[in-house]
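*Asks:* coords below, sequence missing:
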């Protein structure tokens, strides 16, 4: 569940400051756990500290009358559960999952909610016929992959909001017009919950008929009231606010900008965007980009906070080639734990397939995460696809949860205290995560970790995790983006990386005139250079003319919820070769065209998180003709039965153990939306766009007062830039004779994922 940026903690604040490594962790609270960790008991039976409210754990010292809290070092009285010699699981296991007994008094304050998960399709009917057809296919795939006992509703909108009565033999939709910027009639007055929501297993034919009817009521080119539609549905479930077993997910589809009703795009904002983000083909217009990257108003942020408190998650699927202003809308998805996905072409997009994959990961919701630490340090920030708690910095709320969604937290020592970890006062972290599973049962996970410490700076680098560090880099840069614009976010990444390299070079045991930019002393950190470089050539922080602002925002939203392993694939795809599709893969390859040409007689697989491309040789190019006789490798979708996937007795399959291309793809399809393309060596164009070519890469412009203007043409130019910045850091006056490295002295594109 927890993965730290430092596998061993610094013993004090001075050591932490001396490395420049972000100190924090990545959290995957819904990761699969062995079945033996699941205990059929109520969490109310566990003892808790009277001072810090942490749970008793396997590191606690218990005697006959008292037990010592390892978090705050308070003494607590022993309850009868621990008075006898019977061993209890919480005193022997670092991770346990228990039941949460509903509070009958709290539940009496609101009506009995549906215990089953609720899904509501919210469809924009102003799109083109191709858009409507794609949305219909997507809804079909979602219904086919939902559990039979799930509840489903269907809503359409243009300048009106229409709600389908799915109990009718023939599709019947009732509309209400939007006026004065908001819905004039509460949806509860127009239609009841029981008429809106139907059980998927009982009314599947009626749902299909209603989906078919969408094309008949669609009117291309009309006004669309997206903001009012989402706001009305969030208010529709206000009666269940405060009930922890209620959870709903809005599956919204959008074909263009919101032009009517509340939070419609203003003409001023539209004109600002039309001024152009680029002054010419390559010159980036920073001023315009900064204005349109920030939200038009706080409407969607406030709506996201409200939806999260009511257990409503919002997924948004945008299919549009025009500017939709996702920079304003993104908050309602990110604060509720929803997905934000953008496609340009309704004909060629993979929306139906992606919806089918995501539907298999649905089910859990109403998560509340809290991190407790020992007395010497604290949680300074917690971030992720969730809403912050209004009262505590170390608490997060997520209305919707997927299996592999990840959060991140940063730690900091307390000021003015004796910030030293000792044997009697070790570094402790306890994660508590409450959620509602697919069956409507409330669960609580508790994981307690006792961390070792190091006293020397060399040991800090030896225990660093580059993928978790890049996760923390993402959140730091996004904080700067939200406040000052994307350019400051990009500068933040470079400043943090140069600062880290400067501290690393100070630890080198030899006196060298050249800076080490690639962590040659610590091989497991060598991927850091590739990950940082990848942040600028992928849409995350790119300012290229071929990447729209909406694509950039959607990519950033995907990075927010990705775990460290998937995030590394987004920044720097994994390239590897197979002698034939039935053997284990060889070593990872650099993302270089030269590498691909050198292994033309092998099968090449490129994994870019949401896309896997298999480049197969032509028949006759390899020694074993039987291995390449099939002209295309067929990959089948893996059908995951809807179940509680949060506690299963299965181990994660490692890449090296998969053995074949098919198994690798199958494992990837289980965890993420994935497009698989099989191409021939005669047409390698799909895989070539992910490769790094130093001689012909697209110019990457770096405006800003900190770094003037720089154009990177490939990885070697990035290497030169970092070395130059290190020299400027150590010699700000330019007194030393510095010569920029030549191309011959610069390293080639690094290999992928050289893990320790």
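*Replies:* Alright, I've got the coordinates. As the structure is a computational prediction, the values presented were derived from the model and not from experiment.
*Asks:* distance of the closest residue to residue 238 other than its chain neighbours relative to residue 228?
*Replies:* Nearest residue to residue 238 in three dimensions, chain neighbours excluded: residue 310, at 6.2 Å (Cβ to Cβ, 6 or more residues apart in numbering). C-betas here are computed from N, CA, C, even on glycine. Going from residue 310 to residue 228 by Cβ to Cβ, to the nearest Å gives 17 Å.
*Asks:* before we move on, the earlier item: ok, the residue nearest to residue 238 - contacts?
*Replies:* Residues near residue 310 by Cβ atoms under 8 Å, 6 or more residues apart in numbering: 234, 237, 238, 240, 241, 246, 399.
*Asks:* kindly report the same for residue 291.
*Replies:* Residue 291 neighbours (Cβ under 8 Å, 6+ apart): residue 272.
*Asks:* and it, what pLDDT?
*Replies:* The confidence metric pLDDT takes the value 73 at residue 291.
*Asks:* could you measure from it over to residue 426?
*Replies:* Distance from residue 291 to residue 426, by Cβ to Cβ: 49 Å.
*Asks:* now do residue 271
*Replies:* 59 Å.
*Asks:* who has more neighbours, those two?
*Replies:* residue 426 (16 against 9; other Cβ atoms under 10 Å).
*Asks:* element containing the closest residue to the more buried one other than its chain neighbours?
*Replies:* Excluding its sequence neighbours, the residue lying closest to residue 426 (Cβ to Cβ, 6+ apart) is residue 450, at 5.6 Å. Using DSSP states H and E, residue 450 maps to strand 442-451.
*Asks:* what's the closest non-adjacent residue to the spatially most central residue of the chain?
*Replies:* Note on the chain: the residue nearest the mean C-alpha position is residue 561, at 1.4 Å, using Cα atoms, centre = their mean. The shortest distance from residue 561 to any non-neighbouring residue, by Cβ to Cβ, 6+ apart, is to residue 385 (4.2 Å).
*Asks:* avg pLDDT for stretch 460-470?
*Replies:* The model assigns stretch 460-470 a mean pLDDT of 93.
*Asks:* tell me the span between the first and last residue of that stretch.
*Replies:* 16 Å (Cα to Cα, to the nearest Å).
*Asks:* and the residue nearest to residue 561, helix, strand or coil?
*Replies:* When classified by DSSP: H, G, I helix; E, B strand; the rest coil, residue 385 comes out as coil.
*Asks:* which residues belonging to the helix or strand where residue 605 lies are considered buried?
*Replies:* Per DSSP H and E, residue 605 falls inside strand 603-607. Within strand 603-607, the residues that qualify as buried are 603, 604, 605, 606, 607, counting by 16 or more other Cβ atoms under 10 Å.
*Asks:* could you do stretch 79-96 as well?
*Replies:* So for stretch 79-96, counting by 16+ other Cβ under 10 Å, buried means 82, 88, 90, 91, 93, 94, 95, 96.
*Asks:* can you redo these as JSON lines with distance to residue 369?
*Replies:* As requested, those are arranged in JSON lines below (distance: Cβ to Cβ, whole Å):
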{"residue": "82", "distance to residue 369": "27"}
{"residue": "88", "distance to residue 369": "24"}
{"residue": "90", "distance to residue 369": "19"}
{"residue": "91", "distance to residue 369": "24"}
{"residue": "93", "distance to residue 369": "20"}
{"residue": "94", "distance to residue 369": "17"}
{"residue": "95", "distance to residue 369": "15"}
{"residue": "96", "distance to residue 369": "16"}
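*Asks:* just the closest of those residues to residue 678, please.
*Replies:* residue 95 (40.2 Å; Cβ to Cβ).
*Asks:* ok, and the closest non-adjacent residue to that closest one?
*Replies:* residue 447 (4.5 Å).
*Asks:* from memory the one you found sits against residue 3, does it?
*Replies:* No. Contact criterion Cβ atoms under 8 Å: residue 447 and residue 3 do not qualify, at 11.7 Å.
*Asks:* what's the neighbour count on residue 186?
*Replies:* Residue 186 has 12 nearby residues by other Cβ under 10 Å.
*Asks:* check the spacing between it and residue 675 real quick.
*Replies:* With Cβ to Cβ as the criterion, residue 186 and residue 675 are 41 Å apart.
*Asks:* can you pull the contacts of the nearest residue to residue 75 once chain neighbours are set aside?
*Replies:* Nearest residue to residue 75 in three dimensions, chain neighbours excluded: residue 66, at 4.9 Å (Cβ to Cβ, 6+ apart). By Cβ under 8 Å, 6+ apart, residue 66 lies in contact with 75, 76, 77, 78.
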